[in-house]
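> Mind looking at a prediction? Sequence and model below.
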Amino acid sequence: MKKRDKIIYWIATIWLSLGMVSTGIVQLIKMEDEVKHTSEGLGYPVYFLTILGVWKLLGVVAILVPRFPLVKEWAYAGFFFSMTGAIFSHIASGSVATEYIGPALLVVLTVLSWYFRPADRKLAAA
């Protein structure tokens, strides 16, 4: 693996992890603004925040620990589906365009981290 690729991987992965941990914690502690935005703005039930928060934190653990490439693939897929779902939820609910920036950035970081991950973090070819 090239040094450049390793640097891109770690920068994207660290920022992705920070973004997922911070939003996961906000969702788990059910901050007032987050609850209002999720339930009134997007129309989701409040318990959805707990589900998202737990899975985000578990996903971060999965992508940061060594080995377990299959679990990492699932975590990356979960991040991708969660963040693209957030983008489309904002579009469907008529949110202002600035609401898409956070999820869109996390999608980009997810793809970068996944693409540039080292060989020992990838599934072996069948």
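Okay, I see it.

> Show the contacting residues for the residue nearest the centre of the chain.
For the chain, the residue nearest the mean C-alpha position is residue 79 (3.7 Å; C-alpha atoms, centre = their mean). Residue 79 makes contact with 16, 20, 56, 59, 106, 110, according to C-beta atoms under 8 Å, 6 or more residues apart in numbering. (Glycine included, C-beta is placed from N, CA and C.)

> Nearest to residue 68 among the residues you listed?
Nearest to residue 68 among these: residue 59, at 12.1 Å, using C-beta to C-beta.

> Distance check, that closest one against residue 45.
Using C-beta to C-beta, to the nearest Å, we find residue 59 at a distance of 21 Å from residue 45.

> How about residue 73?
Noted for residue 73: a distance of 29 Å to residue 45, by C-beta to C-beta.

> Among these two, which residue is more densely surrounded?
residue 73 (17 against 10; other C-beta atoms under 10 Å).

> Pretty sure residue 124 is one of the things that one touches, is it not?
No - in this structure, residue 73 is not within contact of residue 124 by C-beta atoms under 8 Å, at 11.6 Å.

> what's near enough to touch residue 72?
62, 63, 117, 121.

> can we see that at 7 Å?
62, 63, 121 (C-beta atoms under 7 Å, 6 or more residues apart in numbering).

> now the first one, nearest residue through space, not along the chain?
The shortest distance from residue 62 to any non-neighbouring residue, by C-beta to C-beta, 6 or more residues apart in numbering, is to residue 75 (3.9 Å).

> The helix or strand hosting the one you found: which residues count as buried?
Using DSSP states H and E, the element containing residue 75 is helix 69-93. Neighbour-count burial for helix 69-93, counted by 16 or more other C-beta atoms under 10 Å, picks out 72, 73, 75, 76, 78, 79, 82, 83, 86, 87, 89, 90.
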